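1. Need coordinates for the below:
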Amino acid sequence: MKLFRVFFGIIALSLFIACSSSDPDPAELNEDYIPTPKPLTVPPIFDRLLPPPTVPADNPQTIEGVALGRKLFFDPILSGDGTQACASCHQPANSFTDPNRFSIGIDGLEGTRNSMPIFNMAWNTKNKFFWDGRALSLEDQALQPVENPIEMHNTWENAVASLQSHASYPELFNKAFGTSNISKDLTAKAIAQFERTLISANSPFDKYLLGEGNLTPQELNGFQIFMDESRGDCFH
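-> The predicted structure follows:
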């Protein structure tokens, strides 16, 4: 019995130390948190030709999450000097990509690649993102530019601190995720939710596939070369 008391005392002391005030408090979830679902609008051509969009079970699309993600996407607050946003390179006016051959980071440094377009990412069934496929989800993709020394040149610790001390972000995170305790993972989830809403399915080629429009002779010739293994071999 005495040995049991000693053992129990050690366990209790360990728990006390583990829960000491020096550790961060766990996120206090808002009991009134009721997010508003926002299913993706699937274009008819996608519904006909593609599998359903990929939406992780732990990051469902919500109105609040998408709104937060949109704000984060266009806000330079995540960068080291507060000048570079996701939209600085993924420009809406250029189909959410960069017209430059190589994208430029916050210190004026030139990257090694062009910022790739990010529309229709919910249908990336292989779950590989960036040109080299190093990110395995949109959430993972959203995490990496912040700490890239050329792109945003920041740390997530600094980025989260900036968000946490901001006048409106804690409440926006509370509405989106039921907690005002901001983390890099929740930030990435919000950005990913917004990115999944970037859907393009109204191009002349889309209309051609639907039988609702025609390609010009030059466009049709280019498409045939694109699909021809002996000439273009681009479709792989």
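2. Quick check on the most centrally placed residue in the chain: phi, psi?
-> Note on the chain: the residue nearest the mean C-alpha position is Ala192, at 2.7 Å, using C-alpha atoms, centre = their mean. Backbone geometry at Ala192, expressed as degrees, to the nearest 10, gives phi -60, psi -40.
3. Contact partners for it?
-> Contacts here follow C-beta atoms under 8 Å, 6 or more residues apart in numbering; on that basis Ala192 touches 59, 69, 137-139, 141-142. Using the backbone N, CA and C atoms, a C-beta is placed for each residue, glycine as well.
4. Run through this structure and note the low-pLDDT ranges.
-> 1-29, 232-236 (pLDDT under 70).
5. domains for it, by residue range?
-> 44-196, 203-236 (automatic domain parsing).
6. that older thread, which of the contacts of Ala192 has the most neighbours?
-> Ala142 (28 neighbours; other C-beta atoms under 10 Å).
7. Could you verify my assumption that that residue touches Ala188?
-> Yes. At 4.1 Å, Ala142 counts as touching Ala188 under the criterion of C-beta atoms under 8 Å.
8. Which residue lies closest in space to Ile106, excluding its sequence neighbours?
-> Setting aside the residues directly before and after it, Ile106 is nearest to Gln84 in space (C-beta to C-beta, 6 or more residues apart in numbering), at 4.3 Å.
9. which phi and psi does that neighbour have?
-> phi -120, psi 120.
10. Make residue 1 into 18 and carry on from there
-> In the new numbering, first residue 18, that becomes Gln101.
11. count of neighbours near it?
-> Neighbour tally, Gln101, other C-beta under 10 Å: 23.
12. Distance-wise, check it relative to Asn144.
-> 26 Å (C-beta to C-beta, to the nearest Å).
13. Glu174 now?
-> 27 Å.
14. Which of these two has more residues huddled nearby?
-> Shown here are Glu174 and Asn144; by other C-beta under 10 Å, Asn144 has more neighbours (14 against 10).
15. okay but the more buried one is in contact with Ser154, surely?
-> Yes. Asn144 is within contact range of Ser154, at 6.0 Å (criterion: C-beta under 8 Å).
16. Next up, the contacts around the closest residue to Ser197 other than its chain neighbours.
-> Excluding its sequence neighbours, the residue lying closest to Ser197 (C-beta to C-beta, 6+ apart) is Pro187, at 3.9 Å. Residues counted as contacts of Pro187 (C-beta under 8 Å, 6+ apart) are 180-181, 197, 199.
17. SS state for Pro187?
-> Following DSSP: H, G, I helix; E, B strand; the rest coil, Pro187 is assigned to helix.
18. got it, and the one 4 residues further on?
-> Per three-state DSSP, the secondary structure class of Asn191 is helix.
19. Can you get me a residue count around the spatially closest residue to it that is not a sequence neighbour?
-> With C-beta to C-beta, 6+ apart as the criterion, Asn191 has its nearest non-adjacent residue at 4.3 Å, and that residue is Ser197. The local packing of Ser197 (other C-beta under 10 Å) involves 16 other residues.
20. Correct me if wrong: Ser197 contacts Glu188.
-> Yes. Here Ser197 reaches Glu188: they are 6.6 Å apart, a contact under C-beta under 8 Å.
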